[in-house]
Structure formats: structure tokens, C-alpha cells
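> Attaching a predicted model along with its sequence, questions to come.
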Amino acid sequence: MLRFVFAEDMNHIIGNQQQLPWRIPEELAYFKTQTMNHQIVMGRKTFDGMNHRLLPGRETRILSRQPLETYHGAPVVSVEDVLNQSTDQIIDIIGGSEVFEVFLPYVDVLVRSVIQETFEGDTWMPTIDYTTFECVSQQEVTTKNQQSIRYEIWVKKGSI
Ligand SMILES: NC(=O)c1ccc[n+]([C@@H]2O[C@H](COP(=O)([O-])OP(=O)(O)OC[C@H]3O[C@@H](n4cnc5c(N)ncnc54)[C@H](OP(=O)(O)O)[C@@H]3O)[C@@H](O)[C@H]2O)c1
């Protein structure tokens, strides 16, 4: 099963200058809970933006076209490697934009956090046709700093 785990603002912004446009500890904690013990796949640029920090408790894989076996300690994978594995385990695709675009035709579940604000940014979530997904869970929370986040889970119709 392939899942996208992502956070976006109200204009679908997800990144700015190789970083997240916001710093919201509660959202990072939610991301951690969602992805813990899963294999996570991210694009080479997202990993660069994280200064190649490996996230504890998660098996990190880097999507890159470079002919490398590993990149700063994490195995490099191809799109085919990911799709072949996703038949028998949960794989969390965690971005960024290019990588979401590549896996969009194959994704089964969207774990989406919508931050109820607008931010400066240079990277957007690709357009997703939500009519092909069913929203199975939705929860609105207010953070310590009075920011509103809507946590949603969407399942591709007919996939599970
Ligand atoms: N808000 C969120 O949830 C969230 C999540 C993650 C990231 N982000 C943000 O998104 C931004 C980065 O996104 P991005 O779109 O610029 O880059 P990205 O998707 O992280 O990485 C792009 C790289 O992935 C590799 N790649 C892409 N398509 C491939 C394919 N078909 N086969 C093999 N490798 C492929 C290439 O690496 P090579 O050039 O090495 O070949 C490409 O340069 C940052 O600002 C980051 O903070 C936000």
C-alpha cells in the first residue's frame, strides 16, 4: 500500500527554499506518529533540505536518478523499486512535489494536514482529484500558538 503523508497550506504550498514554509511542532509530531515504523520514501531534494538527517524509527529511501547505491547513508531507489515493494507493505511517500507527482497514479491513501493559513512558498502539491478518493477521517485541531490544522485521511475509491 502506498500512502502520501504531507502538509499543505490553503493554496497547496508545501515548500519554500528547500524547507517547510512553517514550523509547527504539533504537525511534526503528527507526521512522526503517522510514519513511525514505516518505510519512508523522499526525493533527493527534500533529503538535501533536511541536511541528510535520517528520521529515527523509519527506514529511509531516497528517490534519485543518480547512479548511486546510497546517498548520505540512505539507500537510493527507483520508482520501480518502490512500486514492486508496495504490494506487500505500507510505504509512506513523504515528498516533495516531484516525487508526489511521480507516484500520484499509484497512491492508495492520502494522509493530509491542511494548515488553515497561507504562506510564502515556491513548491506546491500537485493537483489531486479528490473525487476519486473518499475522506474516511477528519479532525480539526488548534495548536498551542493558535494555528488551525485539519488532519484528513483519504482512501482511493476501490483500492482497499
Ligand atoms: N509540506 C510537506 O509535506 C513537504 C514534504 C516533503 C517536502 N516538502 C518540500 O518540498 C520541497 C522539495 O520538493 P521538490 O519537488 O523540489 O523535490 P523532491 O521531490 O524532494 O526531489 C526531487 C528529486 O527527486 C528525484 N526524482 C524525481 N523524480 C524521479 C524519478 N522519476 N526517478 C528517480 N528520481 C526522481 C530527483 O533526484 P536527482 O536530481 O538526484 O536525480 C529530483 O531532483 C522542499 O521545499 C521541501 O521542504 C514539503
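Noted; the coordinates are in hand.
> State the helix or strand in which the residue lying closest to residue 140 once chain neighbours are set aside lies.
Nearest residue to residue 140, sequence neighbours excluded (Cβ to Cβ, 6 or more residues apart in numbering): residue 150, at 5.0 Å. The way it works is simple: take the backbone N, C-alpha and C, and place the C-beta from them, glycine included. For residue 150, the host element (DSSP states H and E) is strand 148-156.
> which parts of the helix or strand of the chain with the lowest mean pLDDT are buried?
The helix or strand of the chain with the poorest confidence is helix 79-85; it has a mean of 96 (mean pLDDT, DSSP states H and E). By neighbour count with 16 or more other Cβ atoms under 10 Å, helix 79-85 contains the buried residues residue 82.
> now swap in stretch 91-108 and tell me
Residues of stretch 91-108 classed as buried: 91-97, 99-100, 103-104, 107-108 (neighbour count, 16+ other Cβ under 10 Å).
> Pairing partners for whatever helix or strand residue 3 lives in, with directions?
Assessed by DSSP H and E, residue 3 sits inside strand 2-8. Strand 2-8 sits in its sheet next to strand 91-93 (parallel), strand 109-115 (parallel), going by DSSP bridges.
> right, so the ones you listed: which one is the most enclosed?
The highest mean neighbour count among the strands paired with strand 2-8, using mean count of other Cβ atoms under 10 Å, belongs to strand 91-93: a mean of 23.
> what's the next secondary structure element after that strand?
Downstream of strand 91-93 (by DSSP H and E), the next one is helix 97-103.
> Which strands or helices does that next one pack on?
Applying 3 or more Cβ pairs under 8 Å, 6 or more residues apart in numbering; DSSP states H and E, we find helix 97-103 packed against strand 2-8, strand 39-43, helix 79-85, strand 91-93.
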